[in-house]
Every structure is written in structure tokens, then in C-alpha cells.
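Peer 1: give me a 3D structure for the following:
(one chain, ligands or ions: 1)
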Amino acid sequence: MKDYILALDQGTTSSRAIIFDRTGQPVGSAQKEVKLLYPKAGWVEQEPGEIWATQMGVVGEVMQRTGISPQAIETIGITNQRETTLLWDRKTGKAAANAIGWQCRRTSNLCDHLKEEGWEPYVRKTTGLIIDAYFSATKIAWLLQSDPELKRRAKQGEICFGTVDSWLIWNLTKGEKHVTDVTNASRTMLFDINRQEWDDQLLKKLDIPPEILPEVQPSCSEFAKADPDFFQGNSIPIAGVAGDQQAALFGQACYHPGMAKNTYGTGCFMLMNTGNKPVFSQKGLLTTIAWSNGRETHYALEGSIFIAGAVIQWLRDEMNLIRHASETEAMALSVRDTNGVYVVPAFTGLGAPYWDMYARGAILGITRDTKAAHIVRAALESIAYQTRAVLDLMEEEGGIALHSLRTDGGAVANNFLMQFQADLLNRRVERAAIQETTALGAAYLAGLTTGFWDHLSSIEKQWKADYVFKPAKGEEWRRDAYQGWNKAVRRTFGWEK
Ligand code: ADP
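Peer 2: Below you'll find the model as predicted:
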């Protein structure tokens with residue numbers, strides 16, 4: 001009996017493997033760090049061989065640790081850090097260069113040129129993205145431009161491009177399959193999310209030969225069978241693939257328009273399901289494919305906050321106001337409110353909806369009786385205020401009311417923060433019982449394809465909150481608190497100009 005699903009979660013800083021059972025419970029996991037290389041200021045790379053080796057290492061480890069044999073595994077789901085770009089030789093599988101990491105800024109100039117030439121509206125309506133060095137397109141262009149021989153070979157069809165999912169599947173099939181899924185493709189800045197095809201105009205503009213591109217499949221479909229050599233002679237289908245944030249949305253069972261998830265880590269990553277049609281933002285949110293099963297596609301609006309849990313790290317490491325992040329909850333609750341204090345953690349500028357890269361951080365409203373606890377509380381509240389600002393924008397541009405907010409990530413351990421978030425949004429905040437939402441999403445996608453689970457509705461029933469925070473504050477409080485935040489945030493605009 002095949003009772004388990006193996007999820008591979010290849011993230012920026014680690015490769016993980018988790019085995020889930022039929023009830024969606026994790027039964028075992030293993031994790032290995034992956035190195036990030038910084039060859040120049042602003043450059044980020046990873047070794048393709050290490051990505052693959054660590055990923056397979058943890059697969060072996062989790063099977064050994066749980067005693068679950070490959071025969072008991074129905075299918076494999078893959079989720080991965082998005083946008084990171086790899087090129088390799090189609091014959092030998094040898095990487096042509098190090099992977100260029102998603103954070104790498106080496107193509108900023110190329111992006112500026114594209115903007116100057118007026119490509120922004122076209123890129124937005126075709127790919128759903130803003131022109132930015134994060135996305136794979138300019139990274140591929142850079143690799144090909146910097147090596148004429150590589151470009152020549154790419155034109156001859158001798159080179160493959162892939163995001164991390166493609167790279168893993170290629171290796172898992174010993175070079176049989178060169179594929180990706182729609183969610184990963186939609187982060188390349190080369191994929192038309194309306195027609196769900198690679199876009200000729202962008203390929204031409206960046207001089208990227210279409211021969212290098214992987215075939216794009218629905219996230220919920222059979223991608224390949226892993227080579228039996230890796231699984232003691234068993235041939236396990238790889239039947240679900242999605243980029244990490246989309247996988248988390250799926251793992252959080254946000255299957256209906258208006259449902260959203262927020263991951264509270266160093267930064268925040270928010271995605272809202274907007275249904276079967278893409279909604280194109282005018283104010284800097286990204287539009288992306290949430291998942292597809294070949295018959296139906298769901299889209300999402302995506303927004304991120306640069307500094308979320310990082311403001312707590314700052315209180316700890318730079319301000320020495322706390323020793324552990326976990327102390328902040330009791331400190332925040334030791335005072336009635338912030339006594340009028342606002343912390344605006346615009347350390348590196350502000351993203352959506354403010355978009356001011358010249359903004360810098362501030363603590364406002366300090367008086368003689370301001371205590372450390374007020375500042376700590378205001379720092380936690382800043383995470384919730386920034387989240388509200390993005391969700392308000394999603395509601396406005398999506399024309400959809402936020403139904404509820406499902407949460408995961410390291411900072412959701414903070415009950416004060418979660419309750420404050422519910423009060424500020426006037427919505428239920430549902431903290432997921434299973435925090436491995438990313439890997440779970442990949443497992444769900446794979447299990448739906450093979451019939452391990454028969455329907456979305458059966459998975460939906462599996463989703464459980466570990467706690468639901470219900471809004472408990474009145475409208476007047478909400479208006480005043482948010483007005484105060486907006487006043488504070490405006491004071492930080494343009495500081496570095
Ligand atoms: P990432 O995946 O981005 O590394 P995690 O999901 O592991 O982040 O979350 C870590 C972040 O959560 C850190 O920035 C930390 O300051 C914050 N954090 C952890 N515990 C708490 C807590 N109890 N209260 C507030 N913030 C917390």
C-alpha cells in the first residue's frame with residue numbers, strides 16, 4: 001500500500017525533504033544547509049551540484065529516519081526557491097555556470113534599460129511582473145551575453161535553462177525530462193500568464209533562444225517518473241510542482257477567491273487567491289499563477305514586506321532591548337498600548353503600497369515616559385500595519401473582500417502579534433496547525449494528480465488552525481490606530497534623497 005507522499009522543498013538556504021501521510025501530517029523530515037556565494041557586492045550565486053546533492057541527501061536521510069521504503073511512496077511533490085536561474089549542457093547535464101540566485105542584483109542596469117525603453121506596461125500585462133533583477137529573464141540574458149560560446153551553443157539547442165524545479169527533475173530523470181510548472185514559469189518574466197505560453201517578444205528582446213526553455217506543465221500533472229536508480233528500483237511519479245510561495249498558498253488550502261496567506265518570516269510574503277482571472281495591479285503588486293491542474297487555473301496577487309521579523313532581530317542585535325524574539329510578546333502585553341509610539345522599520349526603503357526606496361526607519365511619538373516595552377510593542381505592531389496596507393491594496397485592486405488570513409512563519413508564534421493583526425484587519429487570523437505549508441502544498445498538488453486524494457474539498461477539510469484569532473476591537477479604534485500609522489509612515493518618505 002502506498003501511504004505516503006515525499007515532498008522536496010529546495011529553499012534558498014536549505015534543502016528539505018518531508019514525508020506526509022494521507023491525513024496531511026508530516027511523519028518525518030530532514031534538512032541540509034545550502035551555501036550562498038557572494039562573488040561581488042550585490043551578486044548571489046549557488047552551486048548547482050550542491051543544490052542537487054543536498055536535496056538527494058535529505059531524501060535518503062528522511063527515508064532512513066522514518067523507515068519508510070520507496071515502495072510505500074505514491075508520488076513526489078517539488079517546491080523550490082523561485083527565480084534562481086540555471087543553465088546546463090543538454091548532453092552531459094553539466095552546469096554551464098553557477099546558479100544565479102534570486103537576490104542577485106547584477107542585472108539591475110539591464111532592467112533600467114528595459115524600463116527606459118518603455119517595456120514596463122508590456123511586461124506587466126503579459127507576465128504580471130514589474131521589471132526587476134529578481135526574475136530569471138535578465139539573469140539568463142546576462143549569462144548568455146557574457147559568454148559568446150555559450151550563446152552559440154544555446155542557439156544550437158545544446159543548452160537547457162531551468163529554475164530549481166527543472167534542475168531537480170532533470171537530474172531525477174537522468175536528463176530525460178526538461179520541464180517546469182506554470183507557477184515557476186510565471187516568475188521568469190518570459191511567460192505570458194494569460195495564454196500560458198513563453199512570450200516571443202520578450203525572448204526576442206533579450207535575445208534568449210527559445211531552444212533553451214523547458215516545457216511548461218500544469219502544477220498538478222505528471223511531470224516525469226524519477227529514475228528507479230534513486231529509489232531502490234522503484235519508479236515514483238513526480239506529480240506536483242510549484243514555486244515556494246504558491247505552494248504555501250496551496251498548503252494553506254486557500255482555494256477560493258479572497259482567501260489569503262501571509263508568511264511572517266524575516267520579511268512577509270502575502271498571496272491572495274483572486275480566482276480564474278488575473279488581476280493586474282497598478283500599484284506595484286505582482287500578478288502570478290497560483291496553480292493550475294490543466295482544466296482550471298487560479299491566479300493570485302502577491303505582495304511582500306521587506307522588514308517584518310527582521311525588526312525584532314534589530315531590537316535584539318542592534319538595540320539590545322531583548323535577548324530573544326520570544327520575549328517580545330510578554331513585553332508588549334506589559335503595557336496597555338504603545339503610548340502613541342510608532343516604529344516604522346523602513347530600513348531599506350518601503351515596498352507596496354508606499355514604494356519609496358528613499359524612505360528610512362523612524363521611531364515617532366516618543367515622550368518622557370516612553371518605555372522600552374512601548375517601543376517593542378510598536379515594532380511588533382509595525383509588522384501588522386504593513387500587512388494591513390498590502391491586504392487593503394489587494395482588496396482594492398482585486399475587487400475582492402479579504403475573507404480570512406491564514407498565517408505561517410517564525411513570527412506567528414507571537415500571540416500578541418496575531419491578535420493585533422486580527423483586530424487591525426477586522427478579520428479572523430487563522431494560524432496553521434502544520435507550519436510546513438510549503439512542503440505540504442507540493443504534497444497536495446502531487447497527491448491530487450495521482451488520486452491519492454480525490455478532490456480539493458477533501459484536502460480542504462484536512463486544513464486545521466492551531467488557533468483562530470478573532471477581531472475584538474471596534475471600528476473607531478481601528479481607524480485611529482491606522483491613521484496614526486499612516487501619519488508616521490509618511491514622515492519617513494524621501495529621507496535619503
Ligand atoms: P525566515 O524563513 O525568513 O528565515 P522564519 O520563518 O524562520 O524566517 O522566522 C524568523 C523570524 O521570526 C525572525 O525574523 C524572528 O525575529 C521572528 N520571530 C521569531 N519568533 C518570534 C516571536 N515570538 N515574536 C516575534 N517575532 C519572532
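Peer 1: show me what contacts the closest residue to the ligand within the stretch 351-497 of the chain?
Peer 2: Relative to the ligand, the nearest point of the stretch 351-497 of the chain is residue 410 (2.0 Å; CB to the nearest ligand atom). In this view, the C-beta of every residue, glycine as well, is placed from N, C-alpha and C. Contact analysis of residue 410 by CB atoms under 8 Å, 6 or more residues apart in numbering lists 264-265, 309, 325.
Peer 1: which residue in those residues has the weakest pLDDT?
Peer 2: Checking pLDDT across the contacts of residue 410, the minimum falls on residue 265 at 89.
Peer 1: now the residue of the chain most remote from its centre. Its backbone dihedrals?
Peer 2: Going by CA atoms, centre = their mean, the residue of the chain most distant from its centre is residue 368, 41.9 Å out. The phi and psi torsions at residue 368 (degrees, to the nearest 10) take the values phi -60, psi -30.
Peer 1: show me the contacts of residue 410 that map onto helices.
Peer 2: Among those, DSSP state H puts residue 309 in helices.
Peer 1: ramachandran angles for residue 168?
Peer 2: Phi and psi for residue 168, reported as degrees, to the nearest 10, are phi -70, psi -40.
Peer 1: now do the same contact list for the residue farthest from the centre of the chain.
Peer 2: If you count contacts by CB under 8 Å, 6+ apart, residue 368 has none.
Peer 1: residue 339 versus that one, what's the distance?
Peer 2: For residue 368, the distance to residue 339 (CB to CB, to the nearest Å) stands at 11 Å.
Peer 1: sorry, back to before: top of the contacts of residue 410 by neighbour count?
Peer 2: Counting neighbours by other CB atoms under 10 Å, residue 264 comes out on top of those with 26 neighbours.
Peer 1: beta partners for that one?
Peer 2: Note on residue 264: beta-bridge partners by DSSP bridges are residue 268.
Peer 1: grab the nearest non-local neighbour of residue 241.
Peer 2: Nearest residue to residue 241, sequence neighbours excluded (CB to CB, 6 or more residues apart in numbering): residue 181, at 3.9 Å.
Peer 1: does the one you found have beta-bridge partners, and which?
Peer 2: Residues in beta-bridge contact with residue 181 (DSSP bridges): residue 217.
Peer 1: give me the neighbour count for it.
Peer 2: 31.
Peer 1: also residue 426?
Peer 2: Neighbours of residue 426 (other CB under 10 Å): 14.
Peer 1: roughly how far does it sit from residue 331?
Peer 2: Residue 426 is 25 Å from residue 331, by CB to CB.
Peer 1: swap in residue 266?
Peer 2: 20 Å.
Peer 1: which of the two has more neighbours?
Peer 2: Shown here are residue 266 and residue 331; by other CB under 10 Å, residue 331 has more neighbours (21 against 17).
Peer 1: touching, residue 231 and residue 76? I think so.
Peer 2: No. Taking contacts as CB atoms under 8 Å, residue 231 lies outside contact range of residue 76: 9.1 Å.
Peer 1: the more surrounded of those two?
Peer 2: More neighbours surround residue 76 than the other of residue 231 and residue 76, with 28 against 20 (other CB under 10 Å).
Peer 1: state the phi and psi torsions of the more buried one.
Peer 2: phi -120, psi 130.
Peer 1: what's the answer for residue 8, then?
Peer 2: phi -100, psi 130.
Peer 1: that one pairs with what?
Peer 2: Residue 8 has these beta-bridge partners by DSSP bridges: residue 17, residue 78.
Peer 1: contacting residues for it?
Peer 2: Going by CB under 8 Å, 6+ apart, residue 8 touches 15-17, 55, 59, 76-80, 168, 439, 442.
Peer 1: the same query, at a cut-off of 7 Å, please.
Peer 2: For residue 8, the contacting residues are 17, 55, 59, 76, 78, 168, by CB atoms under 7 Å, 6 or more residues apart in numbering.
Peer 1: burial count for the residue of the stretch 51-200 of the chain found nearest the ligand?
Peer 2: Using CB to the nearest ligand atom, the closest approach of the stretch 51-200 of the chain to the ligand is made by residue 81 at 11.2 Å. Residues contacting residue 81 under the criterion other CB under 10 Å number 25.
Peer 1: and the closest residue to the ligand within the stretch 1-150 of the chain, backbone torsions?
Peer 2: Closest approach between the stretch 1-150 of the chain and the ligand, counting by CB to the nearest ligand atom: residue 13, at 7.3 Å. Backbone torsions for residue 13, taken as degrees, to the nearest 10, come to phi -110, psi -10.
Peer 1: ditto for residue 474
Peer 2: Torsion angles, degrees, to the nearest 10, at residue 474: phi -80, psi 170.
Peer 1: ranges for the helices of the stretch 301-450 of the chain?
Peer 2: Shown for the stretch 301-450 of the chain, the helices assigned by DSSP state H, counting those that start in this stretch span residues 309-317, 327-333, 372-398, 415-425, 437-450.
Peer 1: got it, and the stretch 101-250 of the chain?
Peer 2: For the stretch 101-250 of the chain, the helices defined by DSSP H, counting those that start in this stretch occupy 108-116, 120-127, 136-145, 148-155, 164-172, 182-185, 200-205, 244-251.
Peer 1: let me see the mean pLDDT of the fourth one.
Peer 2: Looking back up the chat, that one is helix 148-155. If you average the pLDDT values across helix 148-155, you get 96.
Peer 1: what pLDDT does the residue nearest to residue 241 get?
Peer 2: The model reports residue 181 with a pLDDT of 97.
Peer 1: which ones are touching it?
Peer 2: Each residue near residue 181 by CB under 7 Å, 6+ apart is listed here: 165, 217-219, 241-242.
Peer 1: mind doing that once more with 8 Å?
Peer 2: By CB under 8 Å, 6+ apart, the neighbours of residue 181 are 165, 216-219, 221, 223, 241-243.
Peer 1: go on, residue 47?
Peer 2: Residues counted as contacts of residue 47 (CB under 8 Å, 6+ apart) are 35, 37, 98-99.
Peer 1: again with residue 441
Peer 2: So residue 441 contacts 77, 79, 242, 246-252 (CB under 8 Å, 6+ apart).
Peer 1: state the mean pLDDT of stretch 108-119.
Peer 2: On average, stretch 108-119 scores 93.
Peer 1: I meant stretch 192-202, not that one.
Peer 2: 97.
Peer 1: look up how far residue 251 lies from the most centrally placed residue in the chain.
Peer 2: Nearest to the mean C-alpha position of the chain, counting by CA atoms, centre = their mean, stands residue 245 at 3.0 Å. To residue 251, residue 245 is 11 Å away according to CB to CB.
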